[in-house]
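[1] Quick one, what's the 3D model for this:
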Amino acid sequence: MSVQSWFNGIWYERGAPPWWLMPFAFIYGAVSGSRRFLYARHLRKPTQVSPAVVIVGNLSVGGTGKTPLVCWLVERLGAAGFTPGVVTRGYGGSSRTVRLVESGDDPRVVGDEALLLASRTGVPVAAGRDRPAAAQVLVTAGCDVIVSDDGLQHYALARDCEIVVIDGDRRFGNGWLLPAGPLRETRSRLAVADAIVVNGGRALLAGALSMRLEAGRAVALQGDRAAPLQSFAGTAVHAVAGIGNPERFFNMLRAHGIEVTGHPLADHARIQLKDIDFPDERPVLMTEKDAVKCRDLADARHWFVPVSAFFDSEESTTLLDIVMKRIARRAPPPRGVIHG
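    Below you'll find the model as predicted:
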């Protein structure tokens, strides 16, 4: 059992964490709370860049659906006449400097999510641990609005809008702060967010918007091939997922009638041949984030399944209106702004 699996069992499958983890959670809460207090009381000054900054983050560690929502938001901001760019940490990459990500970059250097964002959105993506510096790189690149993939707790970068994404299946786990639970901040933090988006349900939160992730096709890692995901219905496949909640990916495939043998990996795992090579000829389906790390290892069996964020029309309009109003506080919207 991996360390991540062990913690997931404590966070999401038990009512309470082991007693000896609780003191560490109190220490974590004191440190993180103090840091937020310093910025809230202007004892530390965040860096403000010229464009508006929209944060898409979460309270818990692991995947909640932030990256698909970032892609959704970037597409709509572009349609509204903006020139958006994306800031991301570049988690899992070895680079220690801020850099613009190119579609041909090595994911081991820039990080898997950074490379996915660059190839999926087609907008400038700046990766780096120093988020204010990464945002400034995007300003230099000509971006007039910045979307941060994650970064809710990185208060050094001033923000104009905060969107918090919650996993509708896992919700808040056992409700404890790290490491006793999965939370980076307590649930009270939701009260000051501009919008709450629940991926896969409302989680009984008043005012939350419902998002769902949908997939309609599979794309071959080798060759120029794509196939409807439904064409795999009734087929036994291997499914590989190195994301925060692999079961969400596996269950999505099963909902299409696919017979899945799941192979969960650690989030941001560095994939090796043994992780995707199985002793049979079954198709191997994986997430898009995993695919950017193993194209050189793949053969004709390997496919990735891109997912996209969807909202009901009314909730799509509501979320975009919130974002546009927050952006407009800094600068008027461009001509031809499109809502919805």
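[2] got the contact list for residue 197?
    Contacts for residue 197 (C-beta atoms under 8 Å, 6 or more residues apart in numbering) come out as 65, 69, 163-166, 208-211, 319. The C-beta positions use only the backbone N, C-alpha and C, and glycine is treated the same way.
[3] And for residue 219?
    By C-beta under 8 Å, 6+ apart, the neighbours of residue 219 are 225-226, 291, 303-306.
[4] same thing but 6 Å
    Contact partners of residue 219, counting by C-beta atoms under 6 Å, 6 or more residues apart in numbering, are 226, 304.
[5] how about the helices of the stretch 201-340 of the chain, start to end?
    246-255, 273-276, 288-291, 313-328 (DSSP state H, counting those that start in this stretch).
[6] Could you single out the most deeply buried of those?
    Of all the helices of the stretch 201-340 of the chain, helix 288-291 has the most neighbours on average by mean count of other C-beta atoms under 10 Å, namely a mean of 24.
[7] these two touch, right, residue 147 and residue 53?
    No. Applying C-beta atoms under 6 Å as the test, residue 147 and residue 53 come out as separate, 7.9 Å apart.
[8] quick one: which of those two has more around it?
    For residue 147 versus residue 53, the count of surrounding residues by other C-beta atoms under 10 Å is larger for residue 147: 31 against 27.
[9] That one should be in a strand, yeah?
    Yes. Membership of residue 147 in a strand is supported by DSSP: H, G, I helix; E, B strand; the rest coil.
[10] ok, it - contacts?
    54, 70, 73-74, 84, 86.
[11] And residue 158, by the same measure?
    Applying C-beta under 6 Å, 6+ apart, the residues near residue 158 are 46, 48.
[12] what's the nearest residue to residue 46 if we skip its chain neighbours?
    With sequence-adjacent residues excluded and distances taken as C-beta to C-beta, 6 or more residues apart in numbering, residue 46 is closest to residue 158, at 4.1 Å.
[13] that older thread, just name the closest of the contacts of residue 197 to residue 231, please.
    Nearest to residue 231 among these: residue 65, at 25.3 Å, using C-beta to C-beta.
[14] Surely the closest one touches residue 165?
    Yes. Counting by C-beta under 6 Å, residue 165 is a contact partner of residue 65 at 5.4 Å.
[15] So for residue 262, what's the nearest residue that isn't a sequence neighbour?
    Residue 262's closest residue in space is residue 250 (C-beta to C-beta, 6+ apart), at 4.3 Å.
[16] List the residues that contact that neighbour.
    239, 260, 262.
[17] Check the spacing between the first one and residue 295 real quick.
    By that I understand residue 239. 18 Å (C-beta to C-beta, to the nearest Å).
[18] Equivalent analysis for the second one, please.
    Between residue 260 and residue 295 the computed distance is 22 Å (C-beta to C-beta).
[19] neighbour count winner among the two?
    Counted by other C-beta under 10 Å, residue 260 and residue 295 do not tie: residue 260 has more neighbours, with 19 against 12.
[20] just so I have it, where are all the helices in the stretch 1-150 of the chain?
    Taking DSSP H, counting those that start in this stretch as the test, the helices found in the stretch 1-150 of the chain are 3-13, 22-40, 66-79, 107-110, 112-121, 131-140.
[21] would TSV of those helices with mean neighbour count and distance to residue 282 be doable?
    TSV is the format used below for these (neighbours: other C-beta atoms under 10 Å; distance: least, C-beta to C-beta, whole Å):
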stretch	mean neighbour count	distance to residue 282
helix 3-13	15	24
helix 22-40	14	42
helix 66-79	22	27
helix 107-110	20	25
helix 112-121	25	24
helix 131-140	21	41
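[22] Switch the ones you listed over to CSV; also include mean pLDDT.
    Output for the helices of the stretch 1-150 of the chain, formatted as CSV (pLDDT from 0 to 100):
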stretch, mean pLDDT
helix 3-13, 82
helix 22-40, 93
helix 66-79, 96
helix 107-110, 87
helix 112-121, 91
helix 131-140, 95
